[in-house]
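K.L.:
quick one, what's the 3D model for this:
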Amino acid sequence: MKVLSPYKEATDVILEAGGEPLKLCYQCGLCTGICPWNLVRSFLVRRIMHEAQLGATDFGSEDTWTCVTCRACVQRCPRGVEIIDVMRAIRRAVAGLGIGTVPDALRISAKNIAGVGNPLGEAPEKRNDWAKDLKVKNFTSGTEILYFPCCVPSYDPDVKTVARSTATIFDKLKIDYGIIGTEAKCCGEAIRKAGYEDTFQSLAQNNINLFTSNGVKTVVVSSPHCYHTFKNEYPELGGKFEAIHITQYLASLIAKGKLKLSKEINKRVIYSDPCYLGRHNDVYDEPRLILQSIPGLELIEFPDARENGLCCGGGGGRIWMDTPKGERFSDIRVEQAVEKGADIIALACPYCFLNYRDSVLSMGKAETMQVKDIAELVAEAI
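P.N.:
This next block holds a predicted model:
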């Protein structure tokens with residue numbers, strides 16, 4: 001029997017885990033040049049790709065867990081290499097096969113998701129507590145819309161305002177919607193990017209079975225991460241429903257004349273494109289259309305907006321890991337917003353909400369800068 005060298009074995013592990021795209025890489029280095037990490041520290045994506053090609057991956061390196069899966073490198077790659085898939089494969093080799101070490105914070109979040117269906121470790125029966133006093137009905141077969149807030153708005157006390165604002169909008173517009181039972185679990189998008197493929201498969205099948213048995217046809221979500229996995233990954237596993245991000249849904253209502261915003265918000269608002277709404281799914285115009293429809297609101301842009309937007313730093317499981325002060329992309333964004341004279345940073349992603357909230361607080365900007373989800377602004381203006 002032929003014995004493989006350690007290098008060959010490592011390459012096979014990565015390829016088996018989904019790293020086939022690394023064969024296309026010809027080491028031009030454009031991925032490293034565009035990677036946002038190089039604004040704050042050195043992170044050589046090209047080196048990681050080259051080591052993976054050679055079977056010389058250092059599975060114990062912290063670089064294994066650095067990529068935020070923002071897709072800037074994929075967008076720039078002349079060979080169309082899905083670098084995120086390679087990074088996910090390397091992580092899967094560590095998380096699933098026991099090679100190397102998973103950071104403690106990520107390991108705990110992964111354990112929580114596998115155990116109770118959410119990264120915060122909260123009891124499943126509390127998933128819908130955000131809606132207790134709002135009289136939101138339970139989804140039943142025939143209900144037009146299932147609203148799926150994401151784990152963060154469901155459990156985080158500060159971000160619950162996103163889900164509550166969405167429910168307020170739906171109620172005022174008399175939308176036929178409901179929320180599903182507490183058997184629902186995390187969508188699994190981020191934990192999959194962190195390498196926990198088996199956990200993702202379990203979460204996805206649970207949610208697909210739950211949605212199917214309840215007759216769900218359309219899901220409106222607050223999180224671009226839920227949107228991405230429901231739209232692009234669940235169908236491969238048998239999910240047969242339409243996924244719509246809340247900004248798409250509200251923009252369509254405005255275009256049809258069904259949503260009219262009449263109350264003025266006289267503020268300078270700067271919008272930050274979430275990676276999983278923008279670069280991953282090409283949704284750029286709808287959030288801006290909504291903001292431009294609010295009377296009195298002045299929409300301004302970051303210097304690197306839309307396709308060139310800077311990640312908040314929360315993708316790829318990074319939202320559950322510690323990022324040292326001085327290396328936080330959201331800090332850079334807050335500084336840019338201040339320079340632009342913005343009063344409010346408008347968001348369309350719960351992960352962005354968490355990171356921008358923490359940056360505004362840690363940088364001492366809370367008295368002059370607000371962080372608001374677009375749904376909050378619409379609820380104020382309706």
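K.L.:
quick one: the residue nearest in space to the middle of the chain from residue 152, how far?
P.N.:
Note on the chain: the residue nearest the mean C-alpha position is residue 225, at 3.6 Å, using CA atoms, centre = their mean. From residue 225 across to residue 152, the span is 9 Å (CB to CB, to the nearest Å). Just so you know, the C-beta spots here come from the backbone N, C-alpha and C atoms, and that holds for glycine as well.
K.L.:
residue 75 too?
P.N.:
With CB to CB as the criterion, residue 75 and residue 152 are 26 Å apart.
K.L.:
okay, these two: which has more neighbours?
P.N.:
For residue 75 and residue 152, the more surrounded residue by other CB atoms under 10 Å is residue 152, and the numbers stand at 26 against 13.
K.L.:
got a list of what the residue nearest to that one when sequence neighbours are not counted touches?
P.N.:
Nearest residue to residue 152, sequence neighbours excluded (CB to CB, 6 or more residues apart in numbering): residue 350, at 3.7 Å. Residues counted as contacts of residue 350 (CB atoms under 8 Å, 6 or more residues apart in numbering) are 150, 152-153, 156, 159, 162, 222-223, 373.
K.L.:
let me know the pLDDT of residue 350.
P.N.:
We have a pLDDT of 98 for residue 350.
K.L.:
then residue 94?
P.N.:
Reported pLDDT at residue 94 in the predicted model: 88.
K.L.:
again, but for the one 3 residues further on
P.N.:
At residue 97, the predicted lDDT confidence score is 72.
K.L.:
domains in this structure, by residue range?
P.N.:
Split into domains by automatic domain parsing, the chain comes to 6-97, 104-251, 258-381.
K.L.:
so how far does stretch 357-372 reach from one end to the other?
P.N.:
End-to-end span of stretch 357-372 (CA to CA, to the nearest Å): 9 Å.
K.L.:
that stretch: how far from the chain's middle?
P.N.:
21 Å (CA atoms, centre = their mean, to the nearest Å).
K.L.:
also stretch 363-373?
P.N.:
Relative to its parent chain, stretch 363-373 has a centroid offset of 21 Å by CA atoms, centre = their mean.
K.L.:
any idea of the mean pLDDT in the helix or strand that contains residue 379?
P.N.:
In this assignment (DSSP states H and E), residue 379 forms part of helix 374-381. Averaged across helix 374-381, the pLDDT comes to 98.
K.L.:
same check on stretch 40-56?
P.N.:
Averaged across stretch 40-56, pLDDT comes to 87.
K.L.:
kindly report the same for stretch 150-164.
P.N.:
Stretch 150-164 shows a mean pLDDT of 96 in the predicted model.
K.L.:
do stretch 210-228 as well
P.N.:
Over the span of stretch 210-228, the pLDDT mean works out to 98.
K.L.:
quick check: buried residues in it?
P.N.:
Buried positions in stretch 210-228, judged by neighbour count with 16 or more other CB atoms under 10 Å: 210-211, 214, 216, 219-228.
K.L.:
try stretch 300-313
P.N.:
Judged by neighbour count (16+ other CB under 10 Å), stretch 300-313 contains these buried residues: 302, 305, 309-313.
K.L.:
farthest pair in the residues you listed?
P.N.:
By the measure CB to CB, 305 and 313 form the most distant pair in the buried residues of stretch 300-313, at 17.0 Å.
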